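> Got a predicted structure here, sequence first:
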Amino acid sequence: GAVVSQHPSRVICKSGTSVKIECRSLDFQATTMFWYRQFPKQSLMLMATSNEGSKATYEQGVEKDKFLINHASLTLSTLTVTSAHPEDSSFYICSARTVWGADTQYFGPGTRLTVL
Amino acid sequence: AQSVTQLGSHVSVSEGALVLLRCNYSSSVPPYLFWYVQYPNQGLQLLLKYTSAATLVKGINGFEAEFKKSETSFHLTKPSAHMSDAAEYFCAVSGGSNYKLTFGKGTLLTVNP
């Protein structure tokens, strides 16, 4: 149980285009999902907290107009990187918090974004 | 406020040897503590967690960790390393109502044959 998927696993796009990444909880309902960014050989940095049916809460320094987050249902959150630039290239990982084990986050497999 | 310090960015052990990965934390509220493992180009897998129950926590793949409040530590151990244990390990702390995780910088474990 507690499986989280992400799609796509890898994406390459041109500078200036937008990219959407999906995060799904496959076998549970997730009232809260989190989006992280991980640079090579570094730790995870929390970008935003996404609650179903409400606006996401962004961490300090994260541009909310650039990283659009939508949490339309209890099993799906999306991250859209708008007008992507090479510096947005990174590994993006989502996690979901279950209702029954609210203290634990389960992580997706990550999405490797490369902006040319 | 919370923070995590993982001592040693890289730990190398021989197959069959003891694995010890160190984690110290600070938290202004009673903490929840976690160890996650990450294989290359993959997400994080939960190894074990401490949530104010037993201080010695057993996890998957033979790993365990002990919560020591007096030392503010939550070190991860495994009696006998296996080649498949080679990965990046992250210690994390959360506390308060929002359950946000704060991660340490990670420790890369290599296992030598």
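Structure's in. What do you need?
> Can you pull up the most central residue in chain B?
residue B:35 (3.4 Å; C-alpha atoms, centre = their mean).
> Which element is encountered next along the chain beyond the strand or helix carrying residue A:93?
Element membership for residue A:93, per DSSP states H and E: strand A:90-98. Next along the chain after strand A:90-98, taking DSSP H and E as the criterion, comes strand A:105-107.
> Hmm, the residue nearest to the centre of chain B is touching residue B:93, no?
No - when contacts are counted by C-beta atoms under 8 Å, residue B:35 is not listed as touching residue B:93 (10.8 Å). (C-beta placed from N, C-alpha, C; glycine too.)
> how about low-confidence regions in the chain?
By default, I'm working from chain A. Applying pLDDT under 70 to chain A picks out residues A:1, A:99, A:101-102.
> um, chain B though
In chain B (pLDDT under 70), the answer is B:96-98.
> how about the residues of it near chain A?
Where chain B comes near chain A, counting by C-beta under 8 Å from any C-beta of the partner chain, the residues are B:32, B:34, B:36, B:41-46, B:49, B:51, B:90, B:94, B:98-101, B:103-106.
> So which residue of chain A lies furthest out from the middle?
No residue in chain A sits farther from the centre than residue A:100, which is 21.5 Å out by C-alpha atoms, centre = their mean.
> how far away is the most centrally placed residue in chain A from residue B:71?
For chain A, the residue sitting closest to the mean C-alpha position, by C-alpha atoms, centre = their mean, is residue A:35 at 3.6 Å. Distance, residue A:35 to residue B:71, by C-beta to C-beta, to the nearest Å: 33 Å.
> Could you do residue B:17 as well?
Distance of residue B:17 to residue B:71, given as C-beta to C-beta: 23 Å.
> what do you get for residue A:100?
Here residue A:100 is placed at a distance of 31 Å from residue B:71 (C-beta to C-beta).
> Hmm, residue A:74 and residue A:97 touching each other?
No - under the criterion of C-beta under 8 Å, residue A:97 is not in contact with residue A:74, lying 11.4 Å apart.
> out of those two, which sits in the more crowded spot?
Shown here are residue A:97 and residue A:74; by other C-beta atoms under 10 Å in any protein chain shown, residue A:97 has more neighbours (24 against 16).
> Show me which residues of chain A sit near chain B.
So far as C-beta under 8 Å from any C-beta goes, chain A lies against chain B at A:4, A:6, A:32, A:34, A:42-44, A:46, A:49, A:91, A:93, A:95, A:97, A:102-110, A:112.
> tell me which residues in stretch A:94-103 are buried?
For stretch A:94-103, a neighbour-count test (16 or more other C-beta atoms under 10 Å in any protein chain shown) marks A:94-98 as buried.
> Name the residues that touch that stretch?
For stretch A:94-103, the external contacting residues (C-beta atoms under 8 Å, 6 or more residues apart in numbering or on different chains) are A:2, A:4, A:6, A:21, A:23, A:25, A:28-36, A:77, A:79, A:104-108, B:32, B:44, B:49, B:51, B:94, B:99, B:101.
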